[in-house]
Every structure is written in C-alpha cells, then in structure tokens.
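Student: structure, please.
(one chain, ligands or ions: 1)
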Amino acid sequence: MSRPVCLVSGSSSGIGAATVAEFAAHGCDIALNYNSGRERAEAIALELRRQHGVEVLTIGADLAQREAPFHLVDQTFAHFGRLDVAISNSGVSNLLRDARGKVVRYRFHETPIDHLDQEMERVLSLNLLGAYRLAQRSLKLMIDQAQRELDAGAQPAHRSILFISSISDVAPDSTRIPYGVSKAGLNHVVAGAAFEGGAYGITVNALRPGVVDTPITTRPSGIANEETGKEYTVAEIYDLMALGGSQPIRRIGKPEEIAAAAYAFTHLPYMTGQLIAVDGGFTLINGFPNRELFFQEGLRRRRQGQR
Ligand SMILES: NC(=O)c1ccc[n+]([C@@H]2O[C@H](COP(=O)([O-])OP(=O)(O)OC[C@H]3O[C@@H](n4cnc5c(N)ncnc54)[C@H](OP(=O)(O)O)[C@@H]3O)[C@@H](O)[C@H]2O)c1
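Tutor: Numbers count the residues shown, from 1 in each chain. Modelled structure (predicted):
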C-alpha cells in the first residue's frame, strides 16, 4: 500500500518546513511548495528523503496567482494518486517596504490611500484567497476519493484539511488590520468546509499560532535596545514580553511545536470546524496579568496631566 500523502503550502521556510519534517518523520510522502525559495526547498527535500526514505515532490508556485492553488493540488494528486492531508500554510504579513527595503508602518487612520489598498490586496491575495482556493480544490479531491471508497462499499478513510491561521484573527493590532482580516476570513472557510467534509470523513480545522520564531518575526521591530542602540526584532520583543509575564509560558514558540500540533490536529477524526490557539497562553492575557504595568502607566499619565 502507498504511504499517506501530505501537501503543505509554503514549506520552504519556518512553520511549513518544520511541518513537512514532522509528517515525513511519521512516514508520509510530501508535496513541498515554495515560492521564492527554490534552493531552500530542494535542500529540505533532499534531507527528508535521506532521513526518512519518503518521496518528496517539490512544486514552485506563487499561490497569490488565481490558478496556482488549484494547479498545486492537482499536481500533487496527479503525481501521488492520493491526497490525505492538505495544509494551507503560506502567508505574508501586510507590511510593505520602501525603496530602501525598510518596513513602512502607519497607524490605520494615517495610512495613505494607495498604501492602504496595496497592503490589503497583497495580504488577502495569498493569505485568504490563496488558502480558500487551495482548500476548495483539496476538499473536492478528498470528497471524490471518499465517494469512490463508499461506492466500493468501504468506510472512507479519515482525511484532513488544516489552515495555519493565527491568533491575529482576533488579537487587535492597528498596524496589521489586513493580516487580521485575512486570518479572520479563514474562520468562515473552516466552518463551511467542515460541514461539507463531515459526511465523507474529512475534518477541517484552523491552527492559530501565537508568536513563533521564524523569518516572518525576525524583521526589525522599530524599537531599539536602550543599552546597545541595536533594534530588536519582533521575535525578541515578544520573547521579552513573554518573559515579563504577558503569557503563561514565558517564551515565544518554536516552529517544531506548531508542526507537532499540526500533525496531531490532522489525525483526530472526531475534531472538526475548530479554531485552536497554540500560543503559550497568549490569548489568555486580556490585559489582566499586566495590571501592574497598566496601573503604573496610568499613574505616569495622570502625573503628566494626560488623559
Ligand atoms: N511566525 C509567526 O509568529 C506566526 C504566527 C501566527 C501565524 N503564522 C502563520 O504561519 C504561516 C507560516 O509563516 P512562517 O512564520 O513560517 O513564515 P515564513 O518563514 O516567512 O514562511 C512563509 C512561507 O510562505 C511562503 N510564501 C510566501 N509567499 C508565497 C506565495 N506568494 N505563494 C506561495 N508561498 C508563499 C514562503 O515561500 P518562499 O520562502 O519560498 O517564498 C514560505 O515558505 C503563515 O501563514 C503565517 O501567517 C506565523
């Protein structure tokens, strides 16, 4: 019998790369997708074949383009003849760079109109539309497979679709509204697809990571270290906040921890339609553990006559 097949979009880096490694370690054949990182993708594929003896198909595709997500799923199915797990992971932040490569960050109400449109289009075309299309075609092919099993008088095997979403689907950030919109939009895709897949043994869920140490979070934060003058990365800022008690687990996440959760969540036949945070408890904050901080800040502002 052939091995289970797992497709992971954006698996040339970060969480996606850790996820293909996790599935390969469990004996799955892999469809590994990259956009700009062809060399990285080939190196990962080589290593997975060597370490685990599984088949790895690398497919370059810009999933922000209309037809690309459909082709990616079709190519995977044409090559392996089956699709057991589809993970939509590719994603970008909405932050745009200027001509010198510096990230441009505006507060919402101060954002120029062109910039406002560009950042929303950039992030929705991949994070929402790309993921939506990838899930649609995966669900269709999975239902076809299940129907063939039903026609043959067998129970359909468990198959699964997982979105790597984010706690940003609800956590507010006024400079990253498009990113939050893209992830919040996926919540409705999860629910709709879960209803259609259920009768065929297909589960559909979203895994919502908190802050994870990957290239997406190693960009400059705009905040300088007071002692060295060197700018902190976003990951360093959140790691310090975690250390200071902003979340129960006092560090940011590792890609391997999200990958382990992705494997678990795609192997639970009775869990579907769920939006699950794997975030070290970040979403428990609600301001409460920071009461001392906020109190001190309130006192400081009152002393300065501010409201
Ligand atoms: N890191 C975090 O703190 C965090 C938290 C919550 C959610 N997430 C989500 O986790 C997912 C993975 O992010 P990451 O942190 O692992 O970031 P990452 O290391 O930057 O990886 C992003 C992946 O997406 C791919 N990608 C980018 N543009 C693409 C396009 N147009 N078409 C196809 N693939 C494209 C990249 O491929 P190439 O490198 O080959 O271009 C790369 O493999 C994203 O959906 C992100 O929103 C991350």
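
Student: can you give me the strands in this protein?
Tutor: Assigned by DSSP state E, the strands in the chain fall at 5-8, 29-34, 56-60, 85-88, 96-97, 103-104, 159-164, 202-209, 220-224, 231-233, 275-278.

Student: where do the helices sit along this protein?
Tutor: Along the chain, counting by DSSP state H, helices occupy 14-25, 38-52, 68-80, 113-123, 131-151, 177-198, 234-243, 255-265, 291-303.

Student: among those, which comes closest to the ligand?
Tutor: Closest to the ligand of those, according to C-beta to the nearest ligand atom: helix 14-25, at 2.2 Å. For glycine as for every other residue, the C-beta is placed from the backbone atoms N, C-alpha and C.

Student: wait, what's in contact with residue 171?
Tutor: 180, 282-283 (C-beta atoms under 8 Å, 6 or more residues apart in numbering).

Student: show me which of those residues are buried.
Tutor: Buried members of the contacts of residue 171, counted by 16 or more other C-beta atoms under 10 Å: 180, 282.

Student: any chance of the contacts of residue 171 in a markdown table, plus distance to residue 206?
Tutor: Listed next are the contacts of residue 171 as a markdown table, based on distance: C-beta to C-beta, whole Å:
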| residue | distance to residue 206 |
| --- | --- |
| 180 | 14 |
| 282 | 16 |
| 283 | 13 |
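
Student: can you put the contacts of residue 171 in TSV and add pLDDT and distance to the ligand?
Tutor: As requested, those are exported to TSV (pLDDT from 0 to 100; distance: C-beta to the nearest ligand atom, whole Å):
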residue	pLDDT	distance to the ligand
180	95	11
282	91	10
283	91	12
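
Student: how about the residues of the stretch 201-307 of the chain near the ligand?
Tutor: Contacts of the stretch 201-307 of the chain with the ligand, taken as C-beta under 6 Å from any ligand atom, map to 209, 211-212, 214-217.

Student: which pair in these spans the largest distance?
Tutor: Largest separation among those by C-beta to C-beta: 209 and 215, giving 14.1 Å.

Student: looking at the two, which one has more neighbours?
Tutor: residue 209 (25 against 10; other C-beta atoms under 10 Å).

Student: state the number of residues packed around the closest residue to that one other than its chain neighbours.
Tutor: Closest residue to residue 209 apart from its sequence neighbours, by C-beta to C-beta, 6 or more residues apart in numbering: residue 258 at 5.0 Å. Residues near residue 258, counting by other C-beta under 10 Å, number 25.

Student: picking up where we left off before, which of the strands of the chain comes out lowest on mean pLDDT?
Tutor: Ranked by mean pLDDT, the strands of the chain bottom out at strand 220-224, which scores a mean of 77.

Student: run me through the strand neighbours of it, direction for each.
Tutor: Partners of strand 220-224 in the sheet, by DSSP bridges, are strand 231-233 (antiparallel).

Student: where does the stretch 51-200 of the chain have low pLDDT?
Tutor: Of all residues in the stretch 51-200 of the chain, none has pLDDT under 70.

Student: quick one: name the residues of it near the ligand.
Tutor: Going by C-beta under 6 Å from any ligand atom, the residues of the stretch 51-200 of the chain near the ligand are 61-64, 89-92, 126, 164, 166.

Student: from those, list just the buried residues.
Tutor: Buried residues within those, counting neighbours by 16+ other C-beta under 10 Å: 61, 63-64, 89-92, 126, 164, 166.
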